[in-house]
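Trainee: One predicted model, sequence on top.
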Amino acid sequence: MNLQLNKQGPAKMRKLSQQNLVDILNGCTILGAGGGGELDEGLGYIEHALSLGKEFKLIDIDTAPDDALLCTPYMLGAISAMSEQQERHYARLPRIEQPAIMLAYDRFQRYLGEQFYGTICCELGGSNTAIAFYVAAMSDAFIIDADPAGRAVPEITHSTYYFNNLPAAPIMLANEFGECFTCENVIDDQRAEDLVRALSIVSRNDIAAIDHALPAAQLKPALIHGTISKALRLGEIYREAQQQNLDVARAVAKEGGGYVAFRGQVNECDWATEEGFTTGNIHIQGSGKHQDSSYHIQLKNENLVGYLNGEVHTTIPDLICLIDTENGCAVTNPNYYVGMVVAVVILPPEKEFTSPKALSVFGPKYAGLNIEYRPSVA
């Protein structure tokens, strides 16, 4: 990997090049399984910070001092566009010039009376990973090579923070209108999800939030280590496959330890915004060896369930990733359309998401299925 060692700072600290950053975000977009935000938006954050001469410094979580204060910044809301009527509703409100996430970050540091040592991505995705990177770069803090999901997920409870009973509160939030909110005394992550989701809905379905402001000693045993490095390697493989006109879906599946489950063309699809989430369905008519079959993906921000010929084929926490085979790019929701030629790639989840507690909140039952989780195999 083209990672350059920066001699300033802690051991095992790596200064990420622009190519590293692009590769990471491409890898995260794939691992987002349809969610995690738009890649273009994420690249915009990275480019802005680089244009200001900022550095992106990645460190292993074990490198952080035990008393180092870390936090998790992210954007929460629906990933579908607003309707014209909804946009008119918000048109009268003023807009702030700085990104809402930086307003929340600055407010949080003043609230705590302490500087953050580093940031942790709430999930892997084209935009939400970049948000945590951007905040760290803009404040000369470190990016932690770990996260609580190893993929993108719909809700705050879908994380190893929740599985390990780590407190989300206090939570600092801000929106593009400059409105700020501080949530204290929140009993658990389920209540945090309810509160933050409600504030997102009245914030044009998009709110900046920062939570789990805790010392590294508490976070180390709860996080999934090395996930940013994993995304980097996947992004490198993805880029090389594109450059060499190889089968991107096959290359991604091999590197990710999964398989290509289906190939075909989208022949029907829909989406809607419901209670702050983007929900929808993608129906694919098979081609090649799958020409007599069909595949249906059910989504709620992320792809949750895959049905092969009407029967359940794959469920969360497995990753259901859609690749546009005409341009080799990962498809984020709801950017699918009738006629899109795609490959469905199934990747295994992190082991932390297969525990009984994890499956109780992010398994088949969350997707409305009365079945037990069964790992998907080729």
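Mentor: Received, thanks.
Trainee: can you pull the buried residues of stretch 232-246?
Mentor: 232, 233, 234, 235, 236, 237, 238, 239, 241 (16 or more other C-beta atoms under 10 Å). Heads up, the C-betas are built off the backbone N, CA and C, glycines and all.
Trainee: Export only the CA atoms of it, formatted as CSV.
Mentor: Coordinates of each C-alpha in stretch 232-246 appear next as CSV, following Å, rounded to 0.1, in the frame of the first residue of the first chain:
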residue,chain,number,x,y,z
LEU,A,232,-8.2,0.8,1.7
ARG,A,233,-7.2,-2.6,0.4
LEU,A,234,-10.6,-3.3,-1.1
GLY,A,235,-10.5,0.2,-2.7
GLU,A,236,-7.1,-0.6,-4.2
ILE,A,237,-8.3,-3.9,-5.7
TYR,A,238,-11.4,-2.1,-7.0
ARG,A,239,-9.3,0.6,-8.7
GLU,A,240,-6.9,-1.9,-10.2
ALA,A,241,-9.7,-4.0,-11.6
GLN,A,242,-11.3,-0.9,-13.2
GLN,A,243,-7.9,0.2,-14.7
GLN,A,244,-7.3,-3.2,-16.1
ASN,A,245,-10.9,-3.7,-17.4
LEU,A,246,-11.3,-6.7,-15.2
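Trainee: tell me the average confidence for that stretch?
Mentor: Computed over stretch 232-246, the mean pLDDT rounds to 97.
Trainee: picking up where we left off before, secondary structure and distance to residue 250 for the buried residues of stretch 232-246 - can I get that in TSV?
Mentor: Listed next are those as TSV, based on DSSP: H, G, I helix; E, B strand; the rest coil; distance: C-beta to C-beta, whole Å:
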residue	secondary structure	distance to residue 250
232	helix	20
233	helix	16
234	helix	13
235	helix	16
236	helix	16
237	helix	11
238	helix	11
239	helix	15
241	helix	8
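Trainee: so which of those comes closest to residue 324?
Mentor: residue 238 (12.5 Å; C-beta to C-beta).
Trainee: Show me the helices in the stretch 51-200 of the chain, by range?
Mentor: 84-90, 100-112, 128-138, 160-163, 189-201 (DSSP state H, counting those that start in this stretch).
Trainee: Including mean neighbour count, could those go into CSV?
Mentor: Compiled in CSV, these are given as follows (neighbours: other C-beta atoms under 10 Å):
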stretch, mean neighbour count
helix 84-90, 11
helix 100-112, 19
helix 128-138, 27
helix 160-163, 23
helix 189-201, 19
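Trainee: To residue 217, which of the ones you listed lies closest?
Mentor: Of these, nearest to residue 217 by C-beta to C-beta is helix 160-163, at 14.7 Å.
Trainee: outside of the closest one, which residues touch it?
Mentor: 72, 148-149, 156, 168, 188-190, 212, 222-224, 352, 355, 357-358, 361 (C-beta atoms under 8 Å, 6 or more residues apart in numbering).
Trainee: Could you list which of the residues you listed belong to strands?
Mentor: Among the contacts of helix 160-163, DSSP state E puts 72, 212, 224 in strands.
Trainee: If you rank these by neighbours, which is first?
Mentor: residue 72 (29 neighbours; other C-beta atoms under 10 Å).
Trainee: who are the neighbours in contact with that residue?
Mentor: 119, 120, 121, 122, 132, 148, 161, 210, 211, 212.
Trainee: could you flag which of those are buried?
Mentor: By 16+ other C-beta under 10 Å, those give 119, 120, 121, 122, 132, 148, 161, 210, 211, 212 as buried.
Trainee: Adding distance to residue 95 and pLDDT as columns, could you present the contacts of residue 72 in a markdown table?
Mentor: Below are those laid out as a markdown table (distance: C-beta to C-beta, whole Å; pLDDT from 0 to 100):
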| residue | distance to residue 95 | pLDDT |
| --- | --- | --- |
| 119 | 24 | 98 |
| 120 | 28 | 98 |
| 121 | 26 | 97 |
| 122 | 24 | 96 |
| 132 | 23 | 97 |
| 148 | 31 | 98 |
| 161 | 31 | 97 |
| 210 | 20 | 97 |
| 211 | 24 | 97 |
| 212 | 28 | 97 |
